[in-house]
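I would like the atomic coordinates for the input below:
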Amino acid sequence: MKNEDIRELALLVLDDENGISEEAYNKLSGLLQEAECADILEAVDATDGRFYIGEDFAEEKLQELQAKGA
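From the prediction side, this is the model:
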């Protein structure tokens with residue numbers, strides 16, 4: 001899987017009002033570290049064991065990915 005694919009997957013999965021479980025986040029964070037996606041890791045928040053990123057951050061980063069692919 002390419003770094004850009006990992007990045008897009010993480011943004012889509014973490015941009016959820018319910019977030020993802022700690023177990024899922026632990027697996028995803030390992031992929032993000034390998035793909036050198038520190039900005040996403042730093043943007044992650046957690047509440048009640050659920051991990052997520054803000055909608056605005058995800059939207060901005062997804063637009064950047066789309067612009068690179070165009």
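
alpha carbons only for contacts and neighbour counts from here, please
Fine.

any chance you could map the helices in this structure?
Taking DSSP state H as the test, the helices found in the chain are 3-14, 22-34, 38-43, 55-69.

Please tell me how far the longest one is from the chain's geometric centre.
Using CA atoms, centre = their mean, to the nearest Å, the distance from the centre of helix 55-69 to the centre of the chain it belongs to is 11 Å.

With stretch 26-41 instead?
How far stretch 26-41 lies from its chain's middle: 8 Å, per CA atoms, centre = their mean.

Just the CA coordinates for it, please, in PDB.
Taking Å, rounded to 0.1, in the frame of the first residue of the first chain, the C-alpha atoms of stretch 26-41 are listed here in PDB:
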ATOM      1  CA  ASN A  26      -3.200   1.200  17.600                       C
ATOM      2  CA  LYS A  27      -3.000  -0.700  14.300                       C
ATOM      3  CA  LEU A  28      -3.600   2.400  12.200                       C
ATOM      4  CA  SER A  29      -1.100   4.500  14.100                       C
ATOM      5  CA  GLY A  30       1.600   1.900  13.300                       C
ATOM      6  CA  LEU A  31       0.800   2.200   9.600                       C
ATOM      7  CA  LEU A  32       0.800   6.000   9.900                       C
ATOM      8  CA  GLN A  33       4.200   6.000  11.500                       C
ATOM      9  CA  GLU A  34       5.700   3.800   8.800                       C
ATOM     10  CA  ALA A  35       4.100   6.100   6.200                       C
ATOM     11  CA  GLU A  36       5.600   9.200   7.900                       C
ATOM     12  CA  CYS A  37       2.200  10.800   8.600                       C
ATOM     13  CA  ALA A  38       3.200  12.700  11.700                       C
ATOM     14  CA  ASP A  39       0.700  15.500  11.000                       C
ATOM     15  CA  ILE A  40      -2.200  13.100  11.200                       C
ATOM     16  CA  LEU A  41      -0.900  11.400  14.300                       C
END
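
That stretch: which residues count as buried?
28-29, 31-32, 35, 37, 40-41 (16 or more other CA atoms under 10 Å).

Now do it: everything it contacts.
Stretch 26-41 has contacts (CA atoms under 8 Å, 6 or more residues apart in numbering) with 3, 6-7, 10-11, 53.
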